[in-house]
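**Q** following is a predicted model, sequence given first.
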Amino acid sequence: GENVEQHPSTLSVQEGDSAVIKCTYSDSASNYFPWYKQELGKRPQLIIDIRSNVGEKKDQRIAVTLNKTAKHFSLHITETQPEDSAVYFCAASFTGGSYIPTFGRGTSLIVHP
Amino acid sequence: DTAVSQTPKYLVTQMGNDKSIKCEQNLGHDTMYWYKQDSKKFLKIMFSYNNKELIINETVPNRFSPKSPDKAHLNLHINSLELGDSAVYFCASSQVVLWVNTNTEAFFGQGTRLTVV
């Protein structure tokens, strides 16, 4: 099955700095890579995703990059704000047939004002 | 309207009891899941189920069993509860797709915090 590694487990930055979270996956068949944000006491919610037919995707201050050859993908948050503080999860899955998103262990992002 | 709803939100129970958590989705999705989130925030897949197949994570004890009366519901039954079962349990759903460019976002319920005492 798929195995997703996520680093770092904790990331502390100053407001306005950039934050980068990296993930690697093991199954070369995986073709869908979502990122979820989970605020304290809340449910995980999708913030951005990328598919295997593109290398980069951007949505305002958030961007994801994907390197299929190396089997790694990253989340980039620019101009961080205190409200970005949350746990971020990467996931990988194959969208053909049964779809089971396998999650990384999460990164706790803390943005200091 | 809530897309994925699960009840109860909090559940406190004694060791050895049997309990159920209910989950319903109104998105018309084909696939539903149960995840366990432990104190370290790790989201571990327990089950994936659609109307054709049940996929079980082999590390899940057989005290846990999913029950799906219909496509919109996937309930979680837990027998003989143990202290280590204390966690937040999330139900989720997504659409089974065959094409790369179709939306496959997984929607989560609000979670059920289970405390076994």
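**A** Cool, the structure landed.
**Q** where are the low-confidence patches of chain B?
**A** Within chain B, the segments meeting pLDDT under 70 span B:1, B:51-52, B:96-103.
**Q** in the chain, mark out all the strands, start to finish.
**A** Assuming you mean chain A. For chain A, the strands defined by DSSP state E occupy A:4-7, A:10-14, A:19-25, A:32-38, A:45-51, A:56-59, A:62-67, A:72-77, A:86-92, A:102-103, A:107-112.
**Q** other chain: chain B
**A** So, for chain B - with DSSP E - the strands run B:4-7, B:10-13, B:19-25, B:31-37, B:43-49, B:54-56, B:64-67, B:75-78, B:87-94, B:107-108, B:112-116.
**Q** mind saving the C-alpha coords of the longest one as PDB?
**A** Backbone C-alpha positions of strand B:87-94 (Å, rounded to 0.1, in the frame of the first residue of the first chain) are rendered in PDB as follows:
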ATOM      1  CA  ALA B  87      -9.300   9.200  20.100                       C
ATOM      2  CA  VAL B  88     -11.200  11.400  17.700                       C
ATOM      3  CA  TYR B  89     -12.900   9.400  15.000                       C
ATOM      4  CA  PHE B  90     -13.600  11.100  11.700                       C
ATOM      5  CA  CYS B  91     -16.000   9.900   9.000                       C
ATOM      6  CA  ALA B  92     -15.300  11.100   5.500                       C
ATOM      7  CA  SER B  93     -16.700  10.700   2.000                       C
ATOM      8  CA  SER B  94     -15.600  11.100  -1.600                       C
END
